[in-house]
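**Q** no FASTA, just this:
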């Protein structure tokens with residue numbers, strides 16, 4: 001159980017930080033983090049970090065794919081926690 005919490009904390013923290021880095025790179029017109037990377041991290045448990053990064057940094061807010069996938073990633077993380085607890 002504790003391993004799942006640590007895993008989710010790491011996934012969410014990493015995606016949150018990558019959203020910040022990608023936003024800064026976008027502002028400076030530098031090489032960006034691939035969208036596949038951000039979406040993958042979301043689907044393996046980083047949905048909440050992605051949503052927080054999207055809102056706080058105002059990044060990827062117009063992309064429907066990100067809104068949908070971040071919501072799905074959050075749902076999957078919650079389902080993982082529910083499954084492990086029961």
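**A** Structure received. What you see is a predicted model, and the numbers here were worked out from it, not measured in a lab. Numbering: from 1, shown residues only.
**Q** Please make it C-alpha for all contacts and neighbour counts, starting now.
**A** Noted.
**Q** Now residue 34: phi and psi?
**A** Main-chain torsions, residue 34, degrees, to the nearest 10: phi -60, psi 140.
**Q** Next, count neighbours for it.
**A** 9 (other Cα atoms under 10 Å).
**Q** Kindly report the same for residue 82.
**A** If you count neighbours by other Cα under 10 Å, residue 82 ends up with 10.
**Q** Give the helix, strand or coil label for it.
**A** Applying DSSP: H, G, I helix; E, B strand; the rest coil to residue 82 yields a three-state assignment of helix.
**Q** Sketch out the strands for the chain, chain order is fine.
**A** Secondary structure of the chain by DSSP state E: no strands are present.
**Q** Low-confidence ranges, it, go.
**A** For the chain, applying pLDDT under 70 flags no range at all.
**Q** Who are the packing partners of the longest helix belonging to the chain?
**A** Under DSSP state H, the helix in the chain containing the largest number of residues is helix 2-27. Packed against helix 2-27 by the contact rule (3 or more Cα pairs under 8 Å, 6 or more residues apart in numbering; DSSP states H and E) you find helix 35-41, helix 47-57.
**Q** buried stuff in the shortest one?
**A** Along helix 35-41, the positions that meet the burial threshold by neighbour count (16 or more other Cα atoms under 10 Å) are 38, 39, 41.
**Q** Now do that helix: distance to the chain's middle.
**A** Centroid separation for helix 35-41 versus its chain: 8 Å, with Cα atoms, centre = their mean, to the nearest Å.
**Q** Kindly report the same for the last one.
**A** Averaging C-alpha coordinates over helix 47-57 and over its chain gives two centres that are 7 Å apart (Cα atoms, centre = their mean).
**Q** And that helix, what does it pack against?
**A** Counting contacts by 3+ Cα pairs under 8 Å, 6+ apart, helix 47-57 packs against helix 2-27, helix 64-85.
**Q** now the shortest one
**A** Packed against helix 35-41, as judged by 3+ Cα pairs under 8 Å, 6+ apart, are the following elements: helix 2-27, helix 64-85.
**Q** quick one: which of the ones you listed is nearest residue 49?
**A** helix 2-27 (4.1 Å; Cα to Cα).
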